[in-house]
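Novice: Please find the sequence and the predicted model below.
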Amino acid sequence: EEGRAALAVIVAHLRSRLKAQAHEKHGSNWCRLFYDLDTDGSGKLSWCEFLAMARKILGPGAKDGYVRILFRSIDFDRSNEISVEELIDFIGDPVHRMRRRLRVAAEREVGGDWWTKLFRTVDQDKSG
């Protein structure tokens with residue numbers, strides 16, 4: 001329980017600091033913030049780039065294990081890198097993030113026309 005609380009504090013602090021940093025440097029252009037963090041210019045944030053950024057923002061007291069959990073949770077596609085879209089999802093509106101993740105998960109599970117398939121699945125009396 002204590003570990004979860006500590007992780008929640010780290011997540012909230014990192015999210016708010018990234019938002020503030022984006023606004024200070026680039027207004028609301030979070031893509032430019034991403035490219036500032038992408039030190040090797042690959043178009044993705046590696047674990048090393050993310051850890052360096054987290055240590056800079058959170059300070060030396062941030063536990064690498066918590067930062068690793070956070071990295072994995074942001075890396076939604078499990079590529080071991082964070083894309084600009086994934087970072088913006090993390091920084092941005094949690095409702096928007098959940099909608100997008102639900103859509104992606106539904107498409108992955110059900111396929112292309114997922115909304116129609118999902119509707120037909122729950123339309124038990126076939127009334128349409």
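Specialist: On my side now, so go ahead. Quick caveat, the model's predicted, so the values are computed rather than measured.
Novice: who's in contact with the closest residue to Asp38 other than its chain neighbours?
Specialist: Computed as CB to CB, 6 or more residues apart in numbering, the closest residue to Asp38 that is not its neighbour in sequence is Leu45, at 5.9 Å. C-beta: built from backbone N, CA, C; applies to glycine. Each residue near Leu45 by CB atoms under 8 Å, 6 or more residues apart in numbering is listed here: Phe34, Leu37, Asp38, Met53, Glu81, Ile82, Leu87.
Novice: any idea how far Leu45 is from Arg103?
Specialist: 23 Å (CB to CB, to the nearest Å).
Novice: out of the contacts of Leu45, who's nearest His13?
Specialist: Met53 (12.9 Å; CB to CB).
Novice: Where does that closest one sit, in terms of helix or strand?
Specialist: Assessed by DSSP states H and E, Met53 sits inside helix 47-58.
Novice: The following helix or strand past that helix packs against which elements?
Specialist: Note on helix 47-58: by DSSP H and E, the next helix or strand toward the C-terminus is helix 64-74. Applying 3 or more CB pairs under 8 Å, 6 or more residues apart in numbering; DSSP states H and E, one finds that helix 64-74 makes contact with helix 2-26, helix 47-58, helix 84-91.
Novice: Pull out the buried positions in helix 64-74.
Specialist: Tyr66, Val67, Leu70, Phe71, Ile74 (16 or more other CB atoms under 10 Å).
Novice: Tell me the confidence at the last one?
Specialist: With respect to pLDDT, Ile74 has a value of 87.
Novice: do you know how far it is from Phe119?
Specialist: Taking CB to CB, one finds Ile74 at 31 Å from Phe119.
Novice: tell me the mean pLDDT over the helix holding Met53?
Specialist: Helix 47-58 comes out at a mean pLDDT of 88.
Novice: roughly how far is it from the heart of the chain?
Specialist: Relative to its chain's centre, helix 47-58 lies at 15 Å (CA atoms, centre = their mean, to the nearest Å).
Novice: Just want the angle from that helix to helix 84-91.
Specialist: Orientation check (axes from the mean of the first three to the mean of the last three CA atoms, to 10 degrees): helix 47-58 against helix 84-91 gives 30 degrees.
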